[in-house]
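J.: Would you be able to build a 3D model of this:
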Amino acid sequence: MSSVEINGGSVVYEILGEEDGIPAVLTPGGRAPRGFLRSLGERLAESGMKVLIWDRPNGGESDIQFSDRWPTESHMHADTLQQLIKHLAWGPTIIVGASAGARVSIITALQYPEVTRGLFLWHIAGGIYPTLALGNSYIVENIAIARKGGVEAVTQLPHWKQRIEQNPRNKERFEALSDEEFIRTLKLWLSAFVPTPGQVIPGVRDDDIASIAAPTVIIRSGQNDEEHPLLTCYSVHALIRGSRVVEPPWAEDAWEKAFANTLKTGGPNNAFDLNAQAAPLILDLARTTTADEA
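T.: The predicted structure is shown next:
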């Protein structure tokens, strides 16, 4: 495990594989820690790639960060990611992401093409229900708690309590935030989760997505996946010229079963366990970019 300071906060990361491999970075969904895509990273490393897995700010062991410098949390993560890639001096990298990680990866590719060798996405969230649900999950509860009890009360929520347990510095970082600053930032970030015409992806203009020139592969969403609608993945495909949609390497209803099990047991969503099955598809994209360079 290594760390580097970016935008005034510590970012924790690991590198898997050999130094001379084709570089790839993996970003999971939600605010999940780097370990959620470790098995995928190990598969890619075993096949000769070098792989970056990382904890985004506000997830895993990295420092928490809240600032209205960025229009959304995903934009903050994309900025952090491009700086991390440049810190490692990797050059153009295969940008891989699922769900919230797909959103971060899309923003990285469109805003920082210099670090993007290829783009690989699955479980892309969009549409009215998923967008509103995400805004409620990531933002609304935190604002409501902060309005009643301030930032101190927010730190008692399970996710943030765990961030402090894993990284004690985060207690001081929360204490340094004023209630007004925290709420102002979250209200700004919440605006991205208001369904808006011309934004297939929350907080990202369709015209911007259409500017992505990197080779792009999208795993098709399941037919009945309510959180990552089939329409959204095909809409992104339509926007990114030359992109390809491929069949999922897991069962058609894998997400729905994992999500239902999470609701039933309260445990982690084991859909992440299936991600390693995407390794051959990512390797194929990486080899394609190598052939294009030749």
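J.: what kind of secondary structure is the residue nearest to residue 159 when sequence neighbours are not counted in?
T.: What sits nearest to residue 159 in space, not counting adjacent residues and going by C-beta to C-beta, 6 or more residues apart in numbering, is residue 31, at 6.7 Å. C-beta here means a position set from N, CA and C on the backbone, and glycine is covered the same way. When states are read from DSSP: H, G, I helix; E, B strand; the rest coil, the local structure at residue 31 comes out as coil.
J.: could you pull out the strands for the chain?
T.: Counting by DSSP state E, the chain has these strands, from start to end: 2-6, 9-16, 23-27, 50-54, 93-98, 116-122, 216-219, 244-246.
J.: quick one: buried residues of stretch 147-154?
T.: Neighbour counts using 16 or more other C-beta atoms under 10 Å place 150-151, 154 of stretch 147-154 among the buried residues.
J.: Closest to residue 172 out of the residues you listed?
T.: Residue 172 has its nearest neighbour among the buried residues of stretch 147-154 in residue 151, at 11.9 Å by C-beta to C-beta.
J.: Identify the residues contacting the closest one.
T.: Contacts of residue 151 were listed using C-beta atoms under 8 Å, 6 or more residues apart in numbering, and they are 174-175, 177-179, 182.
J.: shaky segments in the stretch 151-294 of the chain?
T.: Along the stretch 151-294 of the chain, the parts satisfying pLDDT under 70 run over 259, 261-273, 291-294.
J.: 90 - rerun?
T.: Applying pLDDT under 90 to the stretch 151-294 of the chain picks out residues 224, 226, 250-275, 290-294.
J.: As a check, name the ranges of all helices in it.
T.: With DSSP state H, counting those that start in this stretch as the criterion, the stretch 151-294 of the chain has helices at 158-166, 169-175, 179-190, 206-209, 230-239, 254-265, 279-293.
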